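Asks: coords below, sequence missing:
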């Protein structure tokens, strides 16, 4: 993914990628850990209404995802243990970068987003597989949001 590809990304996600692009490997890890601290908690009312969260089974870390859909816009909330700060950081990046986007905008995110951020060379292959799985999972949720009427979606508020 090149810097020119940033134009297909939602503005906030493109901004985050640019910040990572300007950082050295140590800086990338520090940014990831800073984002981990900013992961928004899952709102109680969403958890109560949505029932069981969506588990990301391909990820070694127990990651859960709630999707909130309102007027054709999506928000994602993640449950990630504090012991997994790199996964929490990536989840926070997706949460912030994809806040109030359309399902189609989610589906345009390149699968190699982690690589464009420079994370491929600073994380273990196991962690990278987790990042790939999380993005693939939210893309599946975005696809469901396109095919189900809003009132039918289990994670609607």
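Replies: Good, I have the coordinates. Treat the numbers as computed from the prediction; the structure is a model and nothing was measured.
Asks: contacting residues around residue 101?
Replies: Residue 101 sits next to 10, 73-74 when contact means Cβ atoms under 8 Å, 6 or more residues apart in numbering. Every residue, glycine included, has its C-beta placed from N, CA and C.
Asks: who's it bridged to?
Replies: With DSSP bridges as the criterion, residue 101 is bridged to residue 74.
Asks: for the most centrally placed residue in the chain, which three-state class applies?
Replies: By Cα atoms, centre = their mean, the chain has its centre lying nearest to residue 94, at 2.8 Å. Secondary structure for residue 94, judged by DSSP: H, G, I helix; E, B strand; the rest coil, is helix.
Asks: surely it touches residue 134?
Replies: Yes: contact criterion Cβ atoms under 8 Å: residue 94 and residue 134 qualify, at 6.8 Å.
Asks: so what sits against both of those two?
Replies: Common contacts of residue 94 and residue 134 (Cβ under 8 Å, 6+ apart): residue 78.
Asks: ok, and the closest non-adjacent residue to residue 7?
Replies: Spatial nearest neighbour of residue 7, excluding adjacent residues (Cβ to Cβ, 6 or more residues apart in numbering): residue 14 at 7.5 Å.
Asks: state the helix or strand in which that neighbour lies.
Replies: Using DSSP states H and E, the element containing residue 14 is helix 11-21.
Asks: residues in contact with that helix?
Replies: With Cβ under 8 Å, 6+ apart as the test, helix 11-21 has contacts from 3, 6-7, 9, 28, 31, 93, 96-99, 109, 113, 116-119.
Asks: ok, stretch 35-48 next?
Replies: Residues outside stretch 35-48 that contact it (Cβ under 8 Å, 6+ apart) are 53, 66, 68, 77-80, 85-86, 88-93, 95-96, 155, 157.
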